[in-house]
Each structure stands twice: as C-alpha cells, then as structure tokens.
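Novice: okay, here's the prediction I keep looking at, along with the sequence it came from:
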Amino acid sequence: MKITLYSQYFNPKISRRLGRKIPVDVARKYTDDKLVEILRQLNVVYDVRDGRYSRVPYEKCKIYNIEANIKKSTLIKIVERRLQ
C-alpha cells in the first residue's frame with residue numbers, strides 16, 4: 001500500500017484546518033531527520049522529494065512516499081507517539 005506523508009502534517013506553525021495532523025506541543029519536537037529515523041526504525045521503503053502541500057501552496061515541504069502495509073492514520077499516530 002502506498003502512503004504519502006507531507007512534512008506539513010507535522011508543522012507546528014500551521015493550524016489543523018490547514019493540514020497539521022498532530023498536537024502543537026508534539027509538532028514542536030518534529031524535524032525531518034527525526035521522521036526519517038522513525039521510518040528507518042519501522043523498516044519501511046520510502047523516498048523523499050521536495051514539493052508543496054495543496055492547502056499551503058506558498059510553503060515548500062518534503063513529501064515522503066512510503067510503501068507499507070499499514071494505514072496512513074496509524075502511521076501518523078506512530079510518528080506522534082515516537083516524537084513525544
């Protein structure tokens with residue numbers, strides 16, 4: 001199953017309405033390097049590229065294309081727990 005994660009999902013500077021998926025206090029601990037490390041620990045196949053999230057097109061972000069047998073919401077919750 002292919003999953004696409006945007007770094008905007010974890011950006012503490014934007015609101016939930018604009019795409020943030022985790023609480024602000026956890027999002028403040030987020031870095032792209034931490035997400036890459038979490039993906040490596042989960043042993044999933046992924047690639048990273050630069051792009052823009054459609055709800056915030058004026059800001060550049062990283063796009064993570066992930067190949068895993070897990071739901072997107074579950075993966076976001078795993079990332080949230082490991083950032084705490």
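Specialist: Perfect, thanks for sending it. Numbering: from 1, shown residues only.
Novice: which residues touch the lengthiest strand in the chain?
Specialist: Criterion DSSP state E: the longest strand present in the chain is strand 56-67. Residues outside strand 56-67 that contact it (Cβ atoms under 8 Å, 6 or more residues apart in numbering): 1-8, 11, 14, 18-19, 32, 35, 39, 44-53, 75. Every C-beta, even on glycine, is put in place using the N, C-alpha and C of the backbone.
Novice: give the buried residues for that strand.
Specialist: The neighbour-count check on strand 56-67 (16 or more other Cβ atoms under 10 Å) flags V56, C61, K62, I63, Y64, I66 as buried.
Novice: model confidence score at the closest residue to the fifth one other than its chain neighbours, please.
Specialist: Pointing back at Y64 there. Leaving aside its chain neighbours, Y64 sits nearest to L5 (4.3 Å; criterion: Cβ to Cβ, 6 or more residues apart in numbering). What the model reports for L5 is a pLDDT of 97.
Novice: alright, calling it a day.
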